[in-house]
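Colleague: Just a sequence and a predicted model for now, questions to come.
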Amino acid sequence: MTARSEDIPFMSTLGLLLTYRCTIFCPHCLVEAGPERKEKMALGSAFGWIDEAAGYRNGTIRCIELTGGEPFYDLQTLALISDHAMNAGLSVSAITNAGWAETLEQAILTLNELPAIRKISISTDVYHQQFIPVGYVHNAIIAAELLGRKYDIAVTTDNEHDERYRSIIARLEKFVEPGRIRSTATVPAGRAMKQASALNRRHSPEPFMAACTASSVPVILPDGRVMACAGPMLTRQDSCPLCLGNLRKESLANVLDRAEINPLLHLLRVWGPHRMVSLLRDRGHGALLPKEYLCGSGCDICTKLLSDRRLANLLTSLLDEQKNRNVIAYARMQRLKEPEMVQRCHLDGSDMIDAANALLVPDA
Ligand code: SF4
């Protein structure tokens, strides 16, 4: 499973992680998928959650993104679920490793069996290509073009100067427009955590500054958890602050209504994970923070801070303060043009916003 390659409006798409099973076993996989994994989303649960999504707030959710593991592992289930989503009025995309595209003929046959899937996002990189050569990706793309499906490519690397990574990008650029390729950094999480020391990445005492775009798509896991993060925090336990709720205990509408006013989630979307660091430093908790962060990776900040129970609790309670909630709500309205948090919290514009609030200090 690899991150998607485009920015998506908040809550317009809902992810469904259908299975942890995968045809291959990549050493950097965030969800530790592989051929030996058995957990998958029950068909009845998938249908029910899709129906809830289709009925949520007058069509707020417009697209279902199917992911794994490898959702193409079980084509019959993939066809049933994608058809169900299409019949519920939702458009459907899928993240895949393209292992089903050994030949062009096979790629066309496979996509023909899946008429509801209108877009594929293909993950390929040094790790995937140990199992699935770039020729498969090429076949999948030609098949997608021939059948009028959209596509894009996500390439993960732990070192953007790595010759093998550069060679993959150069090969892809021969048959993919550059705008459809996005590189993402390997994060020491999931299976990659076990080889963290081997990751060839620079560190810095200052956190990477960039807003998170991967937290705009809530993802439902087979056990009913709904996660705000489609990246390395995806499979964390219920106690993780980025776990939005569990559909075995409450409705999707309840979970998503709460996500709409979740201050941590929107801090990550408005500014990025580095604002958690500035807030904690401002409140005198700097000594508890990590000494260094991976260069170029916001996910590394989330992984380090939100996996630490003490820091996570501190952040939760700081972000619960009304003055911080207000700042986040207004910043979200101003920067992302999303007034929902201001409206739902009944802020009327006269609420005092302290210009010296640590969340508002400009990035250096
Ligand atoms: S920045 Fe944080 S919330 Fe966003 S994808 Fe990375 S780990 Fe998840």
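Modeller: That came through, no problem.

Colleague: Spell out whether the helix or strand containing I301 and the ligand are in contact.
Modeller: Assigned by DSSP states H and E, I301 belongs to helix 298-306. Yes - counting by CB under 6 Å from any ligand atom, the ligand has neighbours in helix 298-306: G298, C299, C302. Glycine gets a C-beta too; all of them are placed from N, C-alpha and C.

Colleague: Same check on stretch 23-41?
Modeller: No - contact of stretch 23-41 with the ligand (CB under 6 Å from any ligand atom) is absent, the minimum separation being 9.4 Å.

Colleague: Ends of that stretch, what's the gap?
Modeller: Chord length of stretch 23-41, first to last residue, is 17 Å (CA to CA, to the nearest Å).

Colleague: tell me the contacts of the nearest residue to S12 once chain neighbours are set aside?
Modeller: Spatial nearest neighbour of S12, excluding adjacent residues (CB to CB, 6 or more residues apart in numbering): R62 at 5.1 Å. By CB atoms under 8 Å, 6 or more residues apart in numbering, the residues touching R62 are S12, T13, L90, S91.

Colleague: Next up, phi/psi of R62, please.
Modeller: R62 adopts backbone torsions of phi -110, psi -20, taken as degrees, to the nearest 10.

Colleague: measure it to the ligand for me?
Modeller: Distance from R62 to the ligand, counting by CB to the nearest ligand atom, to the nearest Å: 21 Å.

Colleague: same thing with D238?
Modeller: Distance of D238 to the ligand, computed by CB to the nearest ligand atom: 16 Å.

Colleague: Counting neighbours, what do you get for the nearest residue to M41 once chain neighbours are set aside?
Modeller: Excluding the flanking residues, the one nearest M41 by CB to CB, 6+ apart is P222, at 4.2 Å. Residues near P222, counting by other CB atoms under 10 Å, number 18.

Colleague: quick one: P222 is in a helix?
Modeller: No - under the criterion used here (DSSP: H, G, I helix; E, B strand; the rest coil), P222 is coil, not part of a helix.

Colleague: could you show me where the helices are in this structure, in order?
Modeller: Counting by DSSP state H, the chain has helices at residues 43-54, 75-87, 104-112, 134-146, 163-173, 252-259, 263-270, 274-282, 298-306, 309-319, 322-336, 340-344.

Colleague: rewinding a little: if you rank the residues of helix 298-306 next to the ligand by neighbours, which is first?
Modeller: With neighbours taken as other CB under 10 Å, the top of the residues of helix 298-306 next to the ligand is C302, carrying 27 neighbours.

Colleague: Tell me the spacing between the residue lying closest to that one once chain neighbours are set aside and the ligand.
Modeller: Using CB to CB, 6+ apart and skipping the chain neighbours, the partner closest in space to C302 is P273 (4.8 Å). To the ligand, P273 is 5 Å away according to CB to the nearest ligand atom.

Colleague: my guess is L104 contacts I142, does it?
Modeller: Yes - assessed by CB atoms under 8 Å, L104 is found in contact with I142 at 5.8 Å.

Colleague: what about G89, distance to S278?
Modeller: 42 Å (CB to CB, to the nearest Å).

Colleague: These two: who's more crowded?
Modeller: The neighbour comparison of G89 against S278 (other CB under 10 Å) goes to S278, with 18 against 11.

Colleague: which stretches of the stretch 151-300 of the chain form strands?
Modeller: Secondary structure of the stretch 151-300 of the chain (DSSP state E, counting those that start in this stretch): strands at 181-185, 203-204, 219-220, 225-227, 243-246, 293-294.

Colleague: if we can go back for a sec, which one of the residues of helix 298-306 next to the ligand is nearest to L147?
Modeller: The closest of those to L147 turns out to be C299 (CB to CB; 33.6 Å).

Colleague: Might one say that V219 is in contact with L16?
Modeller: Yes - with contact defined as CB under 8 Å, V219 reaches L16; the gap is 7.4 Å.

Colleague: Next, show the common contact partners of those two.
Modeller: Common contacts of V219 and L16 (CB under 8 Å, 6+ apart): T67.

Colleague: How much space separates the closest residue to L315 other than its chain neighbours from the ligand?
Modeller: Computed as CB to CB, 6+ apart, the closest residue to L315 that is not its neighbour in sequence is M276, at 5.7 Å. Using CB to the nearest ligand atom, one gets 9 Å for the distance from M276 to the ligand.

Colleague: just E163 next, same as before
Modeller: Distance of E163 to the ligand, given as CB to the nearest ligand atom: 27 Å.
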